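Asker: missing the sequence, but the structure's below:
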């Protein structure tokens, strides 16, 4: 039984870890950390867990916590973990960080996009980028996992096989992403009020959203060069779900556009054996509702012969595969458990 | 391993049985019946099940089906099961009927409210009303279970303890119910279009909704007399969930209104040991979101000293405890399995 | 041209006054009061008014304001107007108050339900309750109008004719009301976040919502006695709209239930000539969507012969007829303008 | 007073014309055409118009109708008008067609994208493309106006100034559009059911949506060459609104990217005097909610120095500026009325 502590248990992502681990046969939460609700019962904050969780929320004491558990999930704002992490803590337990603190290898890129100083750059090298389907082998055995961002997971997975196989020009990549509102967190802010979000759609963070360098770095590894892309997130009036629509120019092969079979082969090569990645039939477009509540990512693409571009699409649940679910998947890998454990259930529809 | 057949597998309730049984360790679906989609892959109709279910939909042949399975779920329109059920079928397997065909003991009441002739009244006596928490002992061993309606489950459970203990006057009972739109089914009808339902709320079936006599019959058993109530359903712009707000005059005890402790004791007596019924703290109102996707029912009440009434409230997921979940719970009872099997997971929030 | 000042212009109700007066041919806003956004352009807060309103928000100085305008709308929290109103102000201009400060004639009732001390009880007698269709004649010529609450307008109008004509027993009246989320205001509070409201319905303020005594007082006038009722509000996942479903026992006439013709006659007598009240055909239920954005109230009823009760229903837009629209209607009455001026447009569907 | 007939009055676009003309001082509807609801009262189908419209729906007899009116709006499926239009009809009255029949100048393009034969190609030359802000001068005096598509209006207006001024490379143009569900019409189809659309987002018509050639043709005129672009529509869980996010590579000027001032000047040149086009401050992103219910289009852009691209954004209400509102605007132009007549009201928020 893996002993788990959560710091930031009362944010949407933290609470989703609680929901998922309730059904995990080999994990047990022993610490519900929440600065905002110390001494309140977790189930009085998230009443979906009423009668299922009896514990109270505890203050965030990561050193003390590290002595009591096998793994800590930090579902915290950017900068928190970098501000408190120490060698002692990491020698006590493993950490899966849902923030961006250890995702980017280049400190200056982090500081430029996040506008904060990185307080523990010495742990960046050790951290592994926890995109399970791509880095599975590198994750096992590590102490510190940087769990990918929600937009990032969806964006990278949609384009990765075509970038890796050289089938598209990565410099032409344009990612137009749409997210449900839980991605904005549970903070009581005016733009997240029901009446401001409902019956509305807007872009935000245009040309400067923080997930951009994360996507560029990981796709850059896939093609072996530094790339720059356009990434535009949008806020959609729904609770959960991310849809990515990505555009890129196809690289001609012998003077001709690659066929859909060639592209499908690239996707099959990358994901053919992956349980959580579902390659849809050609012509079927992903919909966020079909993966809601689950750890699945649905992916497909369409070739536009007229313009020589490919449109890549992917859908996932931002709180599951985009956050808590992938975090649990990483935990399973770290502790040698079946990677699907606690995550092998069907999406909910409708 | 219980072998399961579903007739009407591609309605919302039928598909929810498929979702739930995917995670059930002791049940296996061998027949996905769907008149509308014969020979099409189930997962092409409900793409949440893509890669998880490979089977194709079959035509509805209940006799043939009864020979291959241990239990049939009929998630079909009113009148279907009554039109095809035979002794031979019932001797082959058990049936859990999600329609209203065998819920009412009085044929004339059925025919009056449903405006159709009942074609198999001879099986009505044998059928057991599958409200698990109240009829658990009567369900075990039966061949034919009439799974309660969604509104009915929520309405009965909210008022049952107070009616049974004589704490309210059942003739003053007024039930104002609100339902998500999945309760209207997957039929392509204009009133169920997104733009007709969204940003809208309305009552419907006022004074004549078919769940009324079902509520009256069951609560009548609880108080030992025939009662008549008001029941008004409303359509709410959300996918899932039923909220019941019920009003009744409190019966005075020794010239005084009963206290909240007295009422709470009645609820505790009825539901104190029930896993799927959660009695909220006094003053906390149920919300449909806190039970979404799960088999839980959240219940609470408020006494109004000014008017001498009690306001009873209950929330459930109409597709789970209000349909498919309770059906699986009934299956577990019928086959001697742990009643929570396949249903012991947390509600999803948000 | 009526010169208008608004205090609280950047709440949802205040901003709705701005929207409506943009199309009013005889009114001109000269003061956009907003404590929170002093010196910011109104149209930068409510960007629907971009290019249509150039003014900046001003601080709330009601005395100074009263010298510049013919009428002030106070769309402010309870207690604000009672705390600042003076004879001097009222001698300068008229005031239409959208708060509850001057709605209740009994100070102790106000203080008991609102939990604040009333600081200007001396103006209560002078104030007129601005439910236009009922108090039209009393409003003309007044200096101070207490604009009714949103739930109250809908509740009173649904039951008023039957109470007035003695067709129902007012002590059996139970009002179950459902509101869109704009009724909760624009404050950045956790329960109003998109993800908390969306896909959810709940009751709140059960037995103690502040609109209760307001309904009781006004319906009490209609039947000539003090009454007590049950009123339960619910929060619905939509922006706008209130639906009331009200229940009461019919008074028998000569030993028989009154007919629907008798009830309809009562409604016709009360509202037959009212432009903004639409009596639907018997059997048609009101829907909030059919009045969205407009000043209309749709009303209908159903008799339940079985239980001897009548179910009364009404729908309105909480920000228009429930707040800003009725306030403009009151302004039109106060200044001798056509009562429909600026309000004679069709609801928006879908 | 302009006499108006509508064919297809009971679709969402047709009914929106009815809503708008209710407030138009110089137009009067004399014919509510609707094949589906002949002899039913229009206000029984669209109950927002209850008490405001007393007329019944009539069958679609365009020749007869043309003798009674000054202008006909055809809010009909593709192919209808091309199948019935004659010289006689056009000599009787003007026609504003909301379908695609006369939008494309090249018949073969029409037939290829719409998969139907064009039955009246002889009227194509005469028809004017009714994008008011761009073709205003060409519209006046015409008999036949092809009212632009909803996606098209939003897409063209977002990119037109930059294409026209040569500031972007039109062959790099990628338009990612998001639409509310009313754009799908009022047909009772499964994919448009509430539970299928709600809490969901998906792309559709990828690489083959019919608005593509319409955008290409009009932007092609702007830059003087035939272009091909990528256009991807998405279905968003909201009633109304289209948001366009468009990407293109900036053309360097003297080896440097054009500045935001240069781009803004292009937009100002094209739209600076347009009432219905609102150019937002740099850095402010359009939101569909801020234009809901109105004829406004909100437009802005962001330059990405890193990738050398510009992100253009535009928002409108698909039923107003995207359909009925622009149709009324065209009517105003045709009849020499103030172009804003009946359309000069504020968007509704929230």
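Answerer: It's in. In this text, all values refer to a predicted model and were calculated from it rather than measured experimentally.
Asker: residue A:314: what's it in contact with?
Answerer: Residues near residue A:314 by Cβ atoms under 8 Å, 6 or more residues apart in numbering or on different chains: A:154, A:155, A:157, A:158, A:243, A:244, A:246, A:286, A:297, A:298, A:299. Using the backbone N, CA and C atoms, a C-beta is placed for each residue, glycine as well.
Asker: and the residue nearest to it when sequence neighbours are not counted, what does it touch?
Answerer: The shortest distance from residue A:314 to any non-neighbouring residue, by Cβ to Cβ, 6 or more residues apart in numbering or on different chains, is to residue A:158 (3.7 Å). Residues near residue A:158 by Cβ under 8 Å, 6+ apart: A:175, A:244, A:246, A:299, A:312, A:313, A:314.
Asker: ditto for residue A:26
Answerer: Per Cβ under 8 Å, 6+ apart, neighbours of residue A:26: A:1, A:2, A:335, A:337, A:341, A:342.
Asker: can you pick out the most distant pair from the contacts of residue A:158?
Answerer: A:175 and A:299 (13.6 Å; Cβ to Cβ).
Asker: quick one, which of the two is more surrounded?
Answerer: residue A:175 (28 against 25; other Cβ atoms under 10 Å in any protein chain shown).
Asker: so the more buried one sits in a strand?
Answerer: Yes - Residue A:175 forms part of a strand when assessed by DSSP: H, G, I helix; E, B strand; the rest coil.
Asker: just to revisit the earlier point, out of the contacts of residue A:26, flag the one nearest to chain C.
Answerer: residue A:342 (23.3 Å; Cβ to the nearest Cβ).
Asker: correct me, but that closest one touches residue A:17?
Answerer: No - using Cβ atoms under 8 Å, residue A:342 is not in contact with residue A:17; the gap is 10.3 Å.
Asker: tell me which of the contacts of residue A:158 fall in strands.
Answerer: Mapping the contacts of residue A:158 onto strands (DSSP state E) picks out A:175, A:244, A:246, A:299, A:312, A:313, A:314.
Asker: okay, and the beta partners of the second one?
Answerer: When assigned by DSSP bridges, residue A:244 has beta-bridge partners residue A:177, residue A:314.
Asker: one step back: hey, what's in contact with both of residue A:342 and residue A:17?
Answerer: residue A:328.
Asker: show me which of those two is the more surrounded one.
Answerer: residue A:17 (29 against 21).
Asker: run through the helices of the stretch 251-350 of chain A in chain order.
Answerer: Remark: helices assigned in the stretch 251-350 of chain A by DSSP state H, counting those that start in this stretch are A:260-271, A:325-334.
Asker: same list (those helices) but as a markdown table, adding mean neighbour count, distance to chain D and mean pLDDT.
Answerer: Compiled in a markdown table, these are given as follows (neighbours: other Cβ atoms under 10 Å in any protein chain shown; distance: least, Cβ to the nearest Cβ, whole Å; pLDDT from 0 to 100):
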| stretch | mean neighbour count | distance to chain D | mean pLDDT |
| --- | --- | --- | --- |
| helix A:260-271 | 17 | 12 | 98 |
| helix A:325-334 | 27 | 18 | 98 |
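Asker: so who does residue A:22 touch?
Answerer: By Cβ under 8 Å, 6+ apart, the neighbours of residue A:22 are A:49, A:52, A:53, B:345, B:346.
Asker: then residue A:41?
Answerer: A:53, A:54, A:55, A:56, A:57.
Asker: can you tell me which residues in the stretch 51-200 of chain A are near chain D?
Answerer: A:174, A:176, A:178, A:180, A:195, A:196, A:198, A:199, A:200 (Cβ under 8 Å from any Cβ of the partner chain).
Asker: can you select the buried ones from these in PyMOL?
Answerer: A single PyMOL command suffices to select whichever of these are buried according to 16 or more other Cβ atoms under 10 Å in any protein chain shown:
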select buried, chain A and resi 174+176+178+180+195+196+198+199+200
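Asker: and the residues of the stretch 51-200 of chain A next to chain D near chain B, which?
Answerer: Answer for those near chain B (Cβ under 8 Å from any Cβ): residue A:199.
Asker: how about the residues of the stretch 51-200 of chain A next to chain D, which pair is most distant?
Answerer: A:174 and A:195 (31.7 Å).
Asker: could you tell me how many residues sit around the residue of the stretch 101-250 of chain A found nearest chain B?
Answerer: Closest contact between the stretch 101-250 of chain A and chain B, by Cβ to the nearest Cβ, is at residue A:239 (4.7 Å). Residues near residue A:239, counting by other Cβ under 10 Å, number 26.
Asker: show the backbone phi and psi for it.
Answerer: phi -70, psi -50 (degrees, to the nearest 10).
Asker: go on, the one 10 residues further on?
Answerer: Backbone dihedrals for residue A:249, given as degrees, to the nearest 10, come out at phi -80, psi 130.
Asker: hang on, it packs against residue A:172?
Answerer: Yes - Residue A:249 is in contact with residue A:172 according to Cβ under 8 Å; the separation is 4.2 Å.
Asker: got any residues that touch both of the two?
Answerer: With Cβ under 8 Å, 6+ apart, residue A:249 and residue A:172 have common neighbours residue A:309.
Asker: out of those two, which sits in the busier spot?
Answerer: Neighbours per residue, other Cβ under 10 Å: of residue A:249 and residue A:172, the larger number sits with residue A:172, 20 against 17.
Asker: what residues does that one make contact with?
Answerer: A:247, A:248, A:249, A:309.
Asker: now it: how far from residue D:244?
Answerer: With the distance defined as Cβ to Cβ, to the nearest Å, residue A:172 ends up 20 Å from residue D:244.
Asker: what do you get for residue A:59?
Answerer: Taken as Cβ to Cβ, the span from residue A:59 to residue D:244 is 47 Å.
Asker: what's the answer for residue A:253, then?
Answerer: 33 Å.
Asker: ranges for the strands of the stretch 101-250 of chain A?
Answerer: Along the stretch 101-250 of chain A, counting by DSSP state E, counting those that start in this stretch, strands occupy A:128-129, A:144-146, A:174-179, A:202-203, A:230-235, A:242-249.
Asker: to residue A:136, which of those strands lies closest?
Answerer: It's strand A:128-129; of the strands of the stretch 101-250 of chain A, that one is closest to residue A:136 (Cβ to Cβ) at 10.1 Å.
Asker: my read: residue A:305 touches residue A:257, true?
Answerer: Yes - using Cβ under 8 Å, residue A:305 is in contact with residue A:257, at 6.7 Å.
Asker: quick one on the thing from earlier: determine which two of the contacts of residue A:22 are furthest apart.
Answerer: Maximum distance among these (Cβ to Cβ): 13.2 Å, for A:53 and B:345.
Asker: which residue sits closest to residue A:176, ignoring its sequence neighbours?
Answerer: That would be residue D:176: by Cβ to Cβ, 6+ apart, it lies 4.1 Å from residue A:176.
Asker: ok, residue A:59 next?
Answerer: For residue A:59, ignoring the flanking residues on the chain, the nearest one in space by Cβ to Cβ, 6+ apart is residue A:38 at 4.9 Å.
Asker: list the contacts for the one you found?
Answerer: Counted by Cβ under 8 Å, 6+ apart, residue A:38 has contacts A:57, A:58, A:59.
Asker: residues from the stretch 101-250 of chain A in reach of chain B?
Answerer: Residues of the stretch 101-250 of chain A lying near chain B (Cβ under 8 Å from any Cβ): A:182, A:199, A:239, A:240.
Asker: who's in contact with the first one?
Answerer: Read that as residue A:182. Taking Cβ under 8 Å, 6+ apart as the test, what residue A:182 contacts is A:12, A:239, A:240, A:318, A:319, B:350, C:195.
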